[in-house]
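Asker: I would like the atomic coordinates for the input below:
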Amino acid sequence: MKKVVMMACAALLAVSCGGDKKAEIKQMSGFVDGGTSMHVLVVDPIGGDAARQSFALDDATDLKEAYGLLEGNVVMVDYKAAGEGEMPVATKVACSKDYADAIGRWVMPDPVREGEVMGVELQVGGRAQSINMATLPYASWELQGEPGKLILHGQSIGNGQTIDVTDTAVLGENGGVPTLTIEGSGVVYTRAE
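Answerer: Residues are numbered from 1 along each chain as shown. As a prediction, the model looks like this:
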């Protein structure tokens, strides 16, 4: 998991090493914490060696890649160090667009029950929930590390046994409609409205 997240950060954020040395801009990567608000970004660091860090957002000059600062998303923060007792100030915040794009309900027509749909709901914080699929309950999801790819975790329940399932899903588009395709299965969900 740690390796996948590190790959996602690297792929997500190709950050230049140059710049104005006077500004003393530092960087931190991690995950958006649930305590984040309009004015404060809280980051849980990757690897767990460093402490959770809060950043002031009011003076951030570059939030165009923040994608809603959704809980659980991978984040890279450029910030100015703060003085004693002061909160560091974020100057640039970048999150994974794939994470933001994946959040929502993904469905397809139920082949057994006419007029019904089945699928999966991907929620913030890496939670997942199956939609009308009692024998395939999804529980969680995460970024896979390659652009547009996700991993869905759940179980296959049937014939008196339960098997853990890990599916790779690919974000895409078909005729302007967002799609989520489960690799190797032929299953293609579309975003529900």
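Asker: for the residue nearest the centre of the chain, which three-state class applies?
Answerer: Nearest residue to the geometric centre of the chain (CA atoms, centre = their mean): Y99, 3.1 Å. Here Y99 is recorded as helix under DSSP: H, G, I helix; E, B strand; the rest coil.
Asker: you'd agree it is up against G68?
Answerer: No - Y99 lies out of contact with G68 (CB atoms under 8 Å); the separation is 9.4 Å. The way it works is simple: take the backbone N, C-alpha and C, and place the C-beta from them, glycine included.
Asker: still on that earlier bit, please name the nearest non-neighbouring residue to the residue nearest to the centre of the chain.
Answerer: N73 (4.3 Å; CB to CB, 6 or more residues apart in numbering).
Asker: please report the distance of the one you found from T61.
Answerer: For N73, the distance to T61 equals 20 Å [CB to CB, to the nearest Å].
Asker: low-confidence stretches in this structure?
Answerer: Within the chain, the stretches with pLDDT under 70 are 1-23, 48.
Asker: longest single strand anywhere in it?
Answerer: For the chain, the longest strand by residue count, based on DSSP state E, is strand 161-174.
Asker: what residues sit buried inside that one?
Answerer: For strand 161-174, a neighbour-count test (16 or more other CB atoms under 10 Å) marks D167, A169, V170, L171 as buried.
Asker: using JSON lines, lay out those together with distance to A50.
Answerer: Compiled in JSON lines, the buried residues of strand 161-174 are given as follows (distance: CB to CB, whole Å):
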{"residue": "D167", "distance to A50": "32"}
{"residue": "A169", "distance to A50": "31"}
{"residue": "V170", "distance to A50": "33"}
{"residue": "L171", "distance to A50": "30"}
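Asker: off-centre distance for the longest strand of the chain?
Answerer: 16 Å (CA atoms, centre = their mean, to the nearest Å).
Asker: tell me which strands it pairs with, and in which orientation.
Answerer: strand 149-158 (antiparallel), strand 177-182 (antiparallel) (DSSP bridges).
Asker: so D58, which of the three states?
Answerer: Applying three-state DSSP: D58 is coil.
Asker: quick revisit: more neighbours, N73 and T61?
Answerer: Ranked by neighbour count (other CB atoms under 10 Å), N73 and T61 place N73 first, with 27 against 10.
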